[in-house]
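>>> coords please:
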Amino acid sequence: MKKVIILVISIISLIFVYNNINKAEDIIPDEAIRFRVIANSNTIYDQNIKLQIRNVVQNKIFELLKGKTTLESTRKVLKENINEIENLVKETLEKLNYDKKYEVNYGYNYFPKKEYKGIEYKEGKYESLVIALGEAKGDNFWCVLFPPLCLVEVSEEETTDAEYTFFVKELIDKFFK
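Next comes the predicted model:
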């Protein structure tokens, strides 16, 4: 009987923790700064250009925002370095022999409605850094710079594999061995 009670409590705890973790990860706070790169079109070439711009700009922003923990400090760094970001985009596009127009804009920019991981994000104007390539009619990449959700992904790409364990699973395993 003791094992059944522990199992039921463990399962309930696991469900509660899992639901709260997902809610915390999936909600973008009202006070957020987004990052978006819009491709010229959906051709393989244009989508590849978009990804290369995303990579170089995201890496630069990661470098610039290291240690910044507030919305205001993030906003200040982006505003102070917008010219450097624009130059980085220009230089990268020149190296890629990309001859179409582009625009780099930091401010309140339109984002269409988006569903991501089961959460629907409303369309609207959001504080953001947007890079529009060419006609900007292709699929886009977007993430959240503050809180630094996409920058965490960048730093995780640079780490080695880690093994994760879950306490409740270890507890269940212990009682059923």
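
>>> Tell me where the protein has strands.
33-38, 102-111, 114-116, 119-121, 124-133, 140-146 (DSSP state E).

>>> got TSV for those, with distance to residue 54 and mean neighbour count too?
Every residue, glycine included, has its C-beta placed from N, CA and C. Output for these, formatted as TSV (distance: least, Cβ to Cβ, whole Å; neighbours: other Cβ atoms under 10 Å):
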stretch	distance to residue 54	mean neighbour count
strand 33-38	5	22
strand 102-111	13	15
strand 114-116	16	10
strand 119-121	19	13
strand 124-133	8	19
strand 140-146	5	20
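
>>> These: lowest mean pLDDT?
Of all the strands of the chain, mean pLDDT reaches its minimum on strand 114-116 (a mean of 74).

>>> how many neighbours does residue 46 have?
Residue 46 has 21 neighbours, counted by other Cβ atoms under 10 Å.

>>> re the thing from before, which of the strands of the chain sits closest to residue 69?
For residue 69, the closest of those is strand 140-146, at 9.3 Å, according to Cβ to Cβ.

>>> The residue nearest to residue 47 when sequence neighbours are not counted: how many residues sit nearby?
Leaving aside its sequence neighbours, residue 47 sits nearest to residue 39 (Cβ to Cβ, 6 or more residues apart in numbering; 5.4 Å). As a burial measure, residue 39 scores 26 neighbours (other Cβ under 10 Å).

>>> Could you measure from residue 39 over to residue 67?
According to Cβ to Cβ, to the nearest Å, residue 39 stands 32 Å off from residue 67.
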